[in-house]
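> Whatever this is, show me its structure:
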Amino acid sequence: MKKILFFLILHISLSFFSINIYFNTYDNTIIINGEIYPFFGKPNKFRGKIISYFKSPNVENFEFPDNLLVLEDGQTIGKNGTIKVSKDVFQSILKLYKISKITQVVIDEFPIELYDEKIIVKKITPKDKLKEYLDLFLKEYEILNLKFYFGEYKITPKPPKIDITTFSFPEYGFYKIRINDYGKIQTKVYINNTISPTAGALLPGTYTIFVYAKDELGNESSLTKNLFVPKSTINFQEKEYEFFSHTKYGTLTFIGTKNFYEISPSNSTITTITVKDTTPPKVLLEKKHLFDNYYEIKVISQDFNKTKTLLKINNQEKKGEIFKLKYGKNIIAVYCEDTFKNNTLKLETIYINEKNSNSLQFFDQKRWFNIGGIMIKSPFIKIWINPKRQRRHYEDKNFVIHIVK
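From the prediction side, this is the model:
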C-alpha cells in the first residue's frame, strides 16, 4: 500500500514539471525527482531523449520481448532491456514519457557519496558534473569553488564570515574588510552610517564600521567595530651635544644636525640634535733621559678625531723622538690640532746642568785613547766630569787622544 501511495504522489508531482532522469553507472542507480532506484546492466554513456515506446503484442502461445523504451542511441529501458529496471519503475518512466514530462535521459558516472553534512567524491569530478548531481537532492548547499573535486567536502550552508582589520596611528587610520564564503556574496560597508568601500584610510576621529554580507543562498551576517584615530600633538625641541656623547638616542658619532622621532598614540616629539666637537685634543709628553744631554721625547695626542701635531724645541721644529738638548734651559712646545680646529698648546722646560753632567762623545771612526797609560781603541768615549778634580785631554800628532790629570 505504501509503495502504491508513493508512486501516486510521484506521478502527481511530476505531472507539473519536466525533469531529467539519471542513470548513475557508478553505483547502478536511477534518480527520478530526487528518489533513487536500482537498475542492472552496463549501459553506455548517453545524453538525449526517448524516441519510442515498444509495446509487446499479446499473442497466445507466442513469446515476445517485454515492453521497452528506446533511446536515441538504440539502448533500451525495460525488464529485459539493455538497462534493466523493475516493473514499477518502468511504469513510472513510461507515464512521464507519455505526457512528455521527460526533458532528457542522462546516463553517466557520478562517483559521489552524499551524507548529511558532507560529500565524498570518489573520483576526480569537474565542477559542473558535481553541481548537476547535488542539485538532484539538495535545495541548498555550499562547497568550495574549485574546477575539479576529489575527496571529502563540507556542504552545510553557513553564513558569510566577516573580518574587520583596523590600524590606528597618530593622524592616520586604516581599515580593511574580508569576507569568507564559498560562493558569491553581496557586501555593504557603512562607516558612520555612510556607504563606504571595503578598505581605506581614515583621518583623526571616532568611527563605527558596520559590515553586512549576504550569500547566494540568502544567508546573512553582520559585524560592527569601533575605531579611534588620535590627533597627534607634535612637540619640537632642540638640543646640543658634544661629539661622542652617550645619550638616550645612542652614542652620537656624527657632526652636524639630525632629527630624532619619538611617536606614541597621542603624542609625538621631534628632537633636533646638533653635535659639535669643541673639546681640544689632550696632549701627553713622555720624556726619558738617555745620557748626557740626550733625551727621548714622545708626543701622544688623544682625541675622537684625527689630529695634527707640531713639536718645537727651543723654537726649532723637530721630527723624531731622540734629541740632543743644549746645556741649560730647554723649552719644549707641542701644538696639537684636531679636524675641527680645536687645538692645545703644551709647554714644558728641561734644565741640563753642565757641571753635574756626563757626556758621551762620538768620533767618525775608531780612535786610540791613552787613559793613564792604558791604550783603548773605540769609536766613542764617555767622560765623567767631577768638578773637584781637574782633567784635560789632547790629541797628539799620531791622532792618539790622551786623558790626563
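> was I right about Glu78 contacting Asn67?
Quick fix: residue 78 reads Gly, not Glu. Yes - under the criterion of Cβ atoms under 8 Å, Gly78 makes contact with Asn67 at 5.8 Å. Where you see a C-beta, it was placed from the backbone N, CA and C, and this is true even at glycine.
> Mutual contacts of the two, please.
Common neighbours of Gly78 and Asn67, using Cβ atoms under 8 Å, 6 or more residues apart in numbering, are Phe90.
> and the nearest residue to Leu325 once chain neighbours are set aside, backbone torsions?
Leaving aside its chain neighbours, Leu325 sits nearest to Asn293 (5.0 Å; criterion: Cβ to Cβ, 6 or more residues apart in numbering). When read as degrees, to the nearest 10, the backbone of Asn293 gives phi -110, psi 30.
> Just the pLDDT for the nearest residue to Asn219 once chain neighbours are set aside.
Take Asn219 and drop its neighbours on the chain: the residue closest to it by Cβ to Cβ, 6+ apart is Pro159, 4.1 Å away. For Pro159, the model assigns a pLDDT of 86.
> ok, so what distance separates Pro159 from Glu171?
Using Cβ to Cβ, to the nearest Å, Pro159 is found at 37 Å from Glu171.
> Kindly report the same for Leu114.
Leu114 is 56 Å from Glu171, by Cβ to Cβ.
> who's more crowded, these two?
With neighbours defined as other Cβ atoms under 10 Å, Leu114 and Glu171 compare such that Leu114 has more, 15 against 12.
> which element is Lys214 on?
Secondary structure assignment for Lys214, by DSSP states H and E: strand 205-215.
> Check which helices and strands the following helix or strand past that strand sits against.
Beyond strand 205-215 on the C-terminal side, the first helix or strand identified by DSSP H and E is strand 220-229. If contacts are counted by 3 or more Cβ pairs under 8 Å, 6 or more residues apart in numbering; DSSP states H and E, strand 220-229 sits against strand 161-169, strand 172-180, strand 205-215.
> In CSV, list the ones you listed along with mean neighbour count.
CSV is the format used below for the helices and strands packed on strand 220-229 (neighbours: other Cβ atoms under 10 Å):
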stretch, mean neighbour count
strand 161-169, 15
strand 172-180, 16
strand 205-215, 17
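> Nearest to Lys288 among these would be which one?
Across these, the minimum distance to Lys288, taken as Cβ to Cβ, is reached by strand 161-169, at 65.5 Å.
> distance between the closest one and the chain's centre?
On the basis of Cα atoms, centre = their mean, to the nearest Å, strand 161-169 sits 20 Å off its chain's mean C-alpha point.
> what lines up beside that strand in the sheet?
strand 172-180 (antiparallel) (DSSP bridges).
> So what touches the strand it pairs with?
160-168, 185, 187, 189, 191, 198-204, 207, 209, 211, 213, 227, 229.
> OK, contacts around Leu71?
Counting by Cβ under 8 Å, 6+ apart, Leu71 has contacts 46, 48-51, 77, 105.
> of the residues you listed, closest to Lys123?
Nearest to Lys123 among the contacts of Leu71 is Phe46, at 19.1 Å by Cβ to Cβ.
> Would you mind measuring from Ile234 to Phe210?
Distance from Ile234 to Phe210, by Cβ to Cβ: 32 Å.
> Kindly check the end-to-end length of stretch 284-301 for me.
6 Å (Cα to Cα, to the nearest Å).
> And the average pLDDT for that stretch is what?
Stretch 284-301 comes out at a mean pLDDT of 85.
> With stretch 335-352 instead?
The model assigns stretch 335-352 a mean pLDDT of 86.
> next one: stretch 312-332
Average pLDDT, stretch 312-332: 87.
> Any idea how far it is from the middle of the chain?
The answer for stretch 312-332 is 66 Å, by Cα atoms, centre = their mean.
> Alpha carbons only: can I get that stretch in PDB?
In PDB, the C-alpha atoms belonging to stretch 312-332 read as follows (Å, rounded to 0.1, in the frame of the first residue of the first chain):
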ATOM      1  CA  LYS A 312     109.300  72.600  18.700                       C
ATOM      2  CA  ILE A 313     112.500  72.600  20.900                       C
ATOM      3  CA  ASN A 314     113.900  75.900  21.700                       C
ATOM      4  CA  ASN A 315     111.700  77.400  18.900                       C
ATOM      5  CA  GLN A 316     113.000  75.000  16.300                       C
ATOM      6  CA  GLU A 317     110.600  72.400  14.600                       C
ATOM      7  CA  LYS A 318     111.700  68.900  15.300                       C
ATOM      8  CA  LYS A 319     110.900  65.400  13.900                       C
ATOM      9  CA  GLY A 320     111.500  62.100  15.600                       C
ATOM     10  CA  GLU A 321     111.800  61.100  19.200                       C
ATOM     11  CA  ILE A 322     115.500  61.300  20.300                       C
ATOM     12  CA  PHE A 323     117.000  64.800  20.600                       C
ATOM     13  CA  LYS A 324     120.200  66.400  21.800                       C
ATOM     14  CA  LEU A 325     119.400  69.300  24.100                       C
ATOM     15  CA  LYS A 326     121.600  72.200  25.000                       C
ATOM     16  CA  TYR A 327     123.100  72.700  28.400                       C
ATOM     17  CA  GLY A 328     120.900  75.000  30.500                       C
ATOM     18  CA  LYS A 329     117.300  75.800  29.800                       C
ATOM     19  CA  ASN A 330     115.400  73.900  27.000                       C
ATOM     20  CA  ILE A 331     111.800  74.900  26.200                       C
ATOM     21  CA  ILE A 332     109.600  72.100  24.700                       C
END
